[in-house]
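**Student:** Predicted model and sequence below, questions to follow.
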Amino acid sequence: MEVFEKIIKKAEEYRDYTAQNLSKIIQIPSLSGEEEKVINKLKELCLEAGFDEVRIDGLGNLIGRIGNGPKKIAFDAHIDTVDTGVLEQWNYDPFCGEIKDDKVLGRGTVDQKGGAASMITAGRILKELGYDGEYTLYFTFTVMEEDCDGLCWNYLIEKEGLVPDFAVITEPTDLNVYRGHRGRMEIEAHFTGISAHGSAPERGINAIYKASRASLEVEKLHQNLGYDEFLGKGSVTISKIASQSPSLCAVSDYCMIHLDRRLTWGEGKESSIKEVQEAIKSEGEVIVPIYDRVSFTGEVFTQEKYFPTWKIEEDHELVVAGKKAYKTLFEKEANVGKWVFSTNGVAICGKHKIPCIGFGPGNEIYAHAPNEFVPIEHLEKASAFYALLPYTL
């Protein structure tokens, strides 16, 4: 029996195993910065699966290793999730991990603990097949992505010295092969005014009015942003506004607007800051905020909230290998696409220029949404894909 046939057969045999592992980790809430319990559970599961080495780094990322080849490939799944939102919008407990109707239910099944469960199964399959190929395989279960995508991989590369030749991001792709996505950045514009009694507003300068005029200019800016044939259009929107004044009977002396800026190919930090500065006509100070949250290990690893755009070409050897693994698995040509949202690829490929592809279980439309679920069939196919890829490279 060919190795690919053995992989497909084992992935099918471990279908329930993969679903059960996912159920276990769904039942452990893991908001950004609060991942310790689920990381410890994943460590236990990796050891049970026979990984050669399993360790937790200084930030709290879990790193599993299989093999000792001269080249390196990393499979990545962030294991923090967003919160549940309004519980009344859920038809079941978000942390039930229930297996029902050939699906696993709950927060994080799609985004993106499903990828993590499939990675563990892939590791088990590779160990049972005695994989000793030219790649050392790293399986990374990373933290704080929902808060600050790419932070975990900047830490792995810059602090831990884990620099793979290739990476596979297991965020949901609906079992398609992805090769890029728009970048993003967070921008804040701060406006100051002069307070005065609300009964005589003409004595002061209202910071909210400054911010309001600027907001309308930002709305216009969105229409004029760049476009890339593959990645699509750049975008900007205001996601938060906050103000202060000495009292509710006073003119506001401070206001801030927070911008979500999505960056298509050719757009970057400096050009985006300049565009906002020109749009608001120097009425406020424009900055890129810094992320400095403490991880569950107590580590603080700061970074600017700028997340570079990335893509690799469809004829890149990693994409070609992904398409080959896909065709072996599905007996048809792969659909090659991109994510709408942002992933750890902003650090791996966007900043550090390490080629990435994406392949993950679940449909991204269920990410961050109530009643999140992943089909078990997707988990099975993803585990087979991850195990196949080292052989097709």
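**Tutor:** Structure received.

**Student:** got the contact list for the spatially closest residue to residue 201 that is not a sequence neighbour?
**Tutor:** Closest residue to residue 201 apart from its sequence neighbours, by CB to CB, 6 or more residues apart in numbering: residue 251 at 5.2 Å. Any C-beta I mention is one placed from the backbone N, CA and C, and that applies to glycine too. Residues in contact with residue 251 (CB atoms under 8 Å, 6 or more residues apart in numbering) are 193-198, 201, 203-206, 245.

**Student:** Which of the residues you listed are buried? Put it as a PyMOL command.
**Tutor:** Command for PyMOL, covering only those of the contacts of residue 251 found buried under the criterion 16 or more other CB atoms under 10 Å:
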select buried, resi 193+195+196+204+205+206+245
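
**Student:** just curious, which of the contacts of residue 251 is nearest to residue 113?
**Tutor:** Within these, the smallest distance to residue 113 is 43.9 Å, found for residue 245 (CB to CB).

**Student:** list the contacts for the closest one?
**Tutor:** Here residue 245 is in contact with 195, 251-254 (CB under 8 Å, 6+ apart).

**Student:** Tell me the confidence at it?
**Tutor:** At residue 245, the model reports a pLDDT of 97.

**Student:** Residue 280 versus that one, what's the distance?
**Tutor:** 20 Å (CB to CB, to the nearest Å).

**Student:** Any idea how many residues pack against the closest residue to residue 68 other than its chain neighbours?
**Tutor:** What sits nearest to residue 68 in space, not counting adjacent residues and going by CB to CB, 6+ apart, is residue 136, at 5.7 Å. Close neighbours of residue 136, defined as other CB atoms under 10 Å, add up to 20.

**Student:** quick one, domains of the chain?
**Tutor:** Using automatic domain parsing, the domains assigned to the chain come out as 3-182+309-392, 184-291.

**Student:** where along the stretch 101-250 of the chain do the helices fall?
**Tutor:** Counting by DSSP state H, counting those that start in this stretch, one finds helices in the stretch 101-250 of the chain at the ranges 114-128, 151-158, 207-222.

**Student:** deepest of these, which one?
**Tutor:** Per-stretch averages of neighbours, counted by mean count of other CB atoms under 10 Å, single out helix 114-128 among the helices of the stretch 101-250 of the chain, with a mean of 27.

**Student:** quick one: contacts for residue 319?
**Tutor:** Here residue 319 is in contact with 177, 179, 312-313, 336, 357 (criterion: CB under 8 Å, 6+ apart).

**Student:** And residue 283, what's its pLDDT?
**Tutor:** At residue 283, pLDDT is 86.

**Student:** And it, which helix or strand is it part of?
**Tutor:** Residue 283 belongs to no helix or strand when assigned by DSSP states H and E.

**Student:** correct me, but it touches residue 212?
**Tutor:** No - Residue 283 lies out of contact with residue 212 (CB atoms under 8 Å); the separation is 10.3 Å.

**Student:** Spatially nearest residue to residue 351, not counting backbone neighbours?
**Tutor:** Here the residue nearest residue 351, using CB to CB, 6+ apart, is residue 308, at 5.5 Å.
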